[in-house]
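Engineer: I'll drop the sequence and a predicted model, then ask my questions.
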Protein chains: 4
Amino acid sequence: MEKKNNDSENINFSVRTDLAIEATELIISESEAKNKENQEENTENQDLDGIEISEENINENIKLTKVRITNKNGEKSTGKPIGNYITIESPSMKENDTFTHEEIIKVLSENIADLAKLKKMSLILVVGLGNRYVTPDALGPLVISKILVTRHITDSLPEEIDDAVRGVSAISPGVMGITGIETGEIIKGICESIHPDLIIAVDALAARKTERINSTIQMSDTGISPGSGVGNRRMALNKETLGIPVIAIGVPTVVDAATLINDTMDKVLNEMSLKAKKGGEFYKMLQTLDKEEKYNLIYEILTPCDGNMFVTPKEVDAVVKRLANIISNGINIALHPAISKEDINRYFN
Amino acid sequence: MEKKNNDSENINFSVRTDLAIEATELIISESEAKNKENQEENTENQDLDGIEISEENINENIKLTKVRITNKNGEKSTGKPIGNYITIESPSMKENDTFTHEEIIKVLSENIADLAKLKKMSLILVVGLGNRYVTPDALGPLVISKILVTRHITDSLPEEIDDAVRGVSAISPGVMGITGIETGEIIKGICESIHPDLIIAVDALAARKTERINSTIQMSDTGISPGSGVGNRRMALNKETLGIPVIAIGVPTVVDAATLINDTMDKVLNEMSLKAKKGGEFYKMLQTLDKEEKYNLIYEILTPCDGNMFVTPKEVDAVVKRLANIISNGINIALHPAISKEDINRYFN
Amino acid sequence: MEKKNNDSENINFSVRTDLAIEATELIISESEAKNKENQEENTENQDLDGIEISEENINENIKLTKVRITNKNGEKSTGKPIGNYITIESPSMKENDTFTHEEIIKVLSENIADLAKLKKMSLILVVGLGNRYVTPDALGPLVISKILVTRHITDSLPEEIDDAVRGVSAISPGVMGITGIETGEIIKGICESIHPDLIIAVDALAARKTERINSTIQMSDTGISPGSGVGNRRMALNKETLGIPVIAIGVPTVVDAATLINDTMDKVLNEMSLKAKKGGEFYKMLQTLDKEEKYNLIYEILTPCDGNMFVTPKEVDAVVKRLANIISNGINIALHPAISKEDINRYFN
Amino acid sequence: MEKKNNDSENINFSVRTDLAIEATELIISESEAKNKENQEENTENQDLDGIEISEENINENIKLTKVRITNKNGEKSTGKPIGNYITIESPSMKENDTFTHEEIIKVLSENIADLAKLKKMSLILVVGLGNRYVTPDALGPLVISKILVTRHITDSLPEEIDDAVRGVSAISPGVMGITGIETGEIIKGICESIHPDLIIAVDALAARKTERINSTIQMSDTGISPGSGVGNRRMALNKETLGIPVIAIGVPTVVDAATLINDTMDKVLNEMSLKAKKGGEFYKMLQTLDKEEKYNLIYEILTPCDGNMFVTPKEVDAVVKRLANIISNGINIALHPAISKEDINRYFN
């Protein structure tokens, strides 16, 4: 999973999510709260400087949101690097709903193609990050097992489909705890050996809201930092470190336990203060609690277990397989637009 | 996993754990709190009426606690039926520490033999409850795959070990969501077909404290209610329903998300009130919050996700396999005390 | 997998397959060989007494064959009990060809409904035979995990779909080596507890021809004998033993090593004799080899490994999942014809 | 699995095994046959030129054989490159016999240390070859998941064990069908990124004799050619291609179907000719069959299935896990001789 930005200095404290869409939501809600309190106007613009958002309902089941971080201000407030973040949200993703899955795959493949500027790319390396032995972290490795790889057969394909097929390779390097090697080093080595034009990295993410778990796909053109680790030695996978563009695709499969407790506690105290007769006063008192202090307290109470504890739905085993199917199909169709399903069955099985 | 006692009328509200040891801890701590407040003495006896506790440190790594619920008062206050509850606690359980595992297996097998009054039993059915497709719930099915079954070969065993071998059979019936049949009905049917003298039922449990997850084995002679379900139709597996004794063996592998949030919130507010200058007053105010109201609020906020959300450590896949190994070995040694490891390799592989 | 009929006295020696279609092929080819030699006519009728065969090409990809064993003669020559055997053959079954899979599911569900006379059945128990821990034997358990079970919710379903839903339950009892109980005993016990009107038993089978592996589904109304065991104690699952009709559905996933060697050796010697100048004489000499003697020799040479050795394709892990998907969908559609895919997503996920 | 030597020109036809021990057995038995026929003496020396063999019974359960190929003659006759081949044979390997496993681990770790000249090595890369999704080919990936990796923590280890710990990293690159990249290219890239001093490559092999399956560990210092493929494009992993020594460790988990049929057929015909009255003449005739012709015929008959068919024992799923445990422990102890089990539990879990 993506690295939490705990160790970064300039980061907005309360951003503890891998999703750009959640980071911006948070900024908007804080901005609104401030405005309400101060009775001011136009402050919103200031808080959202460097952040552009557009939303579209593809249909009643699928929502598409595009967040663009355009400058250092946006980077600082969201904790996300400058670039494009596209989010597909659909609760049907986690269900056994093949029909909606096909629609999601279509939206996904179109947006991958857009984001990756695929026309110029002839050799692509798909990287599946994460630990295959930890169910909610196994998304990346599972996707790799379903990618239609072609690099090794482009010479031997029949002429009629040869032009339609890009060179695609795929690897699931494993996590540092199992390999003893930073994922970045492994990928850098392989890049120097096979020289791809583009990397597509797939990973499981952490969300802030439980309702987003297994219901959200985020794509971005800003790369990714593998490892949900504490340490700060992780080498990011992006254009700076690898010299080629890196598209990241992720699905939040867990909520960090401390974050969930923190957020639920806020809601509970809020609800209670509203219900209580003496509510107003009580709530004000709670607001005097320092946010960071509260979060750190929760973190300490959960420690030493916290590093290892996550919150995930019971059916995560089945759902992660469904998600891997959606994402691998989305990638396959984006990378090989001219190959029909029949061709796949004929030449690649 | 065991059914939560949500639907039971007379149950102490705050008991939301499958472990008798946690239920009694809670009563003791509440009793102490009351005493402190009231400056009274001897109230402890009253709160603990019907509950007997004894502790023993087997060694620096392994702690053995025996809780006995002796009357209806104890049953009401703990939410656990009258009977014996033996708990082995050892953080080494979840680690790759073969040496301590062997010690735990020894303690486990001795206590199973005691609890089951095995001498009189000649045919035993081991039942693995839980869902093999949900990692933290797969403990029961995994144990079954390692039980040394003998019922089908007792006729054909060589004479020299024949007397040493009890008839053992084992089944993992699956969960109602997959079978469409209550587990109790399946087990009842099989009992009527093969007539065992004793059932040993293995299940994953829910604990209240994260530090107990995957570090605690509970045995009891009171049977078990399969299914962590909401409904109240679950048929218990016990002497009343099946006509034969039922030994339950379980390990907590998850903490219910709402329970974890509730408990952590209590601790956070407590810490904060201590730190704050105006602490005393603030804390008193928080104590006026109705416990049940607070819990229900948390539950609602997490809904609709709650039914499905659990908190579990990242490495649960590997740990559940270790636990299954410990428990299956404990059962195998308890049931076949006269078979050496060499016999097992010679006759049963 | 189904029991081999090694221990049966009256069985045609050379029948060593679970497929009725292969058993009849063998009889036909032997009958033809005899006729050629003897220049006789009309002997075919005699050899095929009690056997009726009809074939149909559903499309270029799917072939449907119906074999009917009508009397004791047919039973003796084929080694299959009197009854109906329907076989769907399609090489696409084992490939990732969703389109053809849907066609196969349709043919499958129609034939299950026919064979089972489903109209009269209101409670069905689907039984998944086989060992989930042995990949080519895991078909039955995998199917069970995908069966749409309804028995436990028929009370609580919304009225609009209530009538459309039959009561369906499902169980995967495990194999005798793991449970210590004969599968027949377990199923008998469950039947006495829940009283189904019909059993559908799914199992992995052994074929004689490698090209049939993972490409053939056999349905029959004659029940099934679980366990590819040596012993003769296995209790069959059929109307005699359980008192209700038993539909068997199976796919051959392995070829018995001794059988494969035997058949390949025949072909090799045949080819060689044709090529050799002195062919005729040589072949005649080989024909003097007693068939049974040769098979037993092969069996002995492979022993002690034979009992454990099987021949299976490399990709069996992926293919068995595809087959489980086809069969579970075929059963689900046959049993719940009035439920649409949308209903399934709405009420059962 | 290792590449079969089908494509090599100079290879002795009948050598169709990954085990040097089987290749030499074959040469010896052919040499003996020739001698018997020709009544000649001293020919054995000639056939075994370039091959040195020594055997040792470690105990009644474990046999150690060292084969040394010393010149081009030995290379040609065995089909194995010049170098050392050490074989541990023990039927207990595949059984649940922890005691013998520990003895095997000891022998294994000593021989790895010898072969690898470990003293000079400070950074080792362990490579797990094979396909984790094909059970009998999953040995390499399974071993990797149990290797004690240290490269990423050598900086942060406590001083008291720092000197005792070599830098170890591990990777399971996947097979070309899933990655689209030759395994050799991936490993070369990673080597250029992290610069190890030694590679230890673990792979599943193919044996000729069924009794060797899962009962034999072969170590060699000659490297390995990944992929059981037909093509001749595979890049070997050895000192020539990677610039550093490559130790290969493998266990045969399958027998090639065509090879098994070929060998069994030879035995059957031999037996039959002995039994037949007219035996001598018949056997002579069979000996005139060209060996290569016969094998190719078998291969053709099995095609198109052959490429995919293998012969393996039923319990391969459980056995491969046991083997992975033995090999990973053998490697861990060889690489970290000064770390005790207690250290491992303290610092690495």
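Structural biologist: Perfect, thanks for sending it.
Engineer: Now do the same contact list for the nearest residue to A:Thr65 once chain neighbours are set aside.
Structural biologist: Closest residue to A:Thr65 apart from its sequence neighbours, by CB to CB, 6 or more residues apart in numbering or on different chains: A:Thr87 at 4.5 Å. Placement of C-beta: from N, CA and C, glycine included. Counting by CB atoms under 8 Å, 6 or more residues apart in numbering or on different chains, A:Thr87 makes contact with A:Leu19, A:Ala20, A:Ile21, A:Leu64, A:Thr65, A:Lys66, A:Val67, A:Thr216, A:Ile217, A:Gln218, A:Met219.
Engineer: Bridged to A:Thr87, which residues?
Structural biologist: When assigned by DSSP bridges, A:Thr87 has beta-bridge partners A:Thr65, A:Gln218.
Engineer: buried sites along stretch A:235-242?
Structural biologist: Across stretch A:235-242, burial judged by 16 or more other CB atoms under 10 Å in any protein chain shown covers A:Met235, A:Ala236, A:Leu237, A:Asn238, A:Thr241, A:Leu242.
Engineer: One more: stretch A:107-121?
Structural biologist: By 16+ other CB under 10 Å, the buried positions in stretch A:107-121 come out as A:Val107, A:Leu108, A:Ser109, A:Asn111, A:Ile112, A:Ala113, A:Leu115, A:Ala116, A:Leu118, A:Met121.
Engineer: and which of the residues you listed is nearest chain D?
Structural biologist: When the buried residues of stretch A:107-121 are ranked by distance to chain D (CB to the nearest CB), A:Met121 comes first, at 14.8 Å.
Engineer: just to revisit the earlier point, can you flag which of the buried residues of stretch A:235-242 belong to helices?
Structural biologist: Those of the buried residues of stretch A:235-242 mapping onto helices are A:Thr241, A:Leu242, per DSSP state H.
Engineer: Reformat the buried residues of stretch A:235-242 into a markdown table and put pLDDT next to each item.
Structural biologist: What follows is these, written out as a markdown table (pLDDT from 0 to 100):
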| residue | pLDDT |
| --- | --- |
| A:Met235 | 83 |
| A:Ala236 | 89 |
| A:Leu237 | 94 |
| A:Asn238 | 94 |
| A:Thr241 | 93 |
| A:Leu242 | 95 |
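Engineer: of all the buried residues of stretch A:235-242, which comes closest to C:Phe310?
Structural biologist: A:Leu237 (43.5 Å; CB to CB).
Engineer: so what's the closest one bridging to?
Structural biologist: Bridge pairing for A:Leu237 (DSSP bridges) gives the partners A:Ile224.
Engineer: Touching, it and A:Ile186? I think so.
Structural biologist: No - if you go by CB atoms under 8 Å, A:Leu237 and A:Ile186 don't touch, sitting 10.3 Å apart.
Engineer: Look up how far C:Met265 lies from A:Leu242.
Structural biologist: Counting by CB to CB, to the nearest Å, the gap from A:Leu242 to C:Met265 is 56 Å.
Engineer: Smallest gap between the stretch 151-300 of chain A and chain B, at which residue?
Structural biologist: Counting by CB to the nearest CB, the stretch 151-300 of chain A gets nearest chain B through A:Thr210, at 4.3 Å.
Engineer: any idea how far that residue lies from B:Phe310?
Structural biologist: 11 Å.
Engineer: which residues are common contacts for the two?
Structural biologist: A:Val311.
Engineer: doesn't A:Asn131 fall inside a helix?
Structural biologist: No - counting by DSSP: H, G, I helix; E, B strand; the rest coil, A:Asn131 is not part of a helix but coil.
Engineer: Surely it and A:Val175 touch.
Structural biologist: Yes - look at A:Asn131 against A:Val175 with CB under 8 Å: they come within range, at 4.5 Å.
Engineer: Find the residues that touch each one of those two.
Structural biologist: Joint contacts of A:Asn131 and A:Val175 (CB under 8 Å, 6+ apart) are A:Asp137.
Engineer: can you confirm A:Glu56 is in a helix?
Structural biologist: No - under three-state DSSP, A:Glu56 sits outside any helix and is assigned strand.
Engineer: show me what contacts the nearest residue to it once chain neighbours are set aside?
Structural biologist: Once flanking residues are discounted, A:Glu56 sits nearest to A:Leu64: 4.6 Å by CB to CB, 6+ apart. For A:Leu64, the contacting residues are A:Glu55, A:Glu56, A:Asn57, A:Ile58, A:Ile86, A:Thr87, A:Ile88, A:Glu89, A:Val107, A:Asn111, by CB under 8 Å, 6+ apart.
Engineer: again, only using 6 Å
Structural biologist: A:Glu56, A:Ile58, A:Ile88 (CB atoms under 6 Å, 6 or more residues apart in numbering or on different chains).
Engineer: Which of those residues ranks first by neighbour count?
Structural biologist: Within the contacts of A:Leu64, A:Ile88 tops the neighbour count with 23 neighbours, counted by other CB atoms under 10 Å in any protein chain shown.
Engineer: Quick check, that one in contact with A:Thr216.
Structural biologist: No - counting by CB atoms under 6 Å, A:Ile88 does not reach A:Thr216; the two are 7.1 Å apart.
Engineer: which stretches of the stretch 151-300 of chain A form helices?
Structural biologist: For the stretch 151-300 of chain A, applying DSSP state H, counting those that start in this stretch gives helices covering A:159-162, A:176-179, A:183-194, A:239-242, A:257-275, A:279-287, A:291-302.
Engineer: closest to chain C out of those helices?
Structural biologist: Closest approach to chain C among the helices of the stretch 151-300 of chain A (CB to the nearest CB): helix A:159-162, 16.9 Å.
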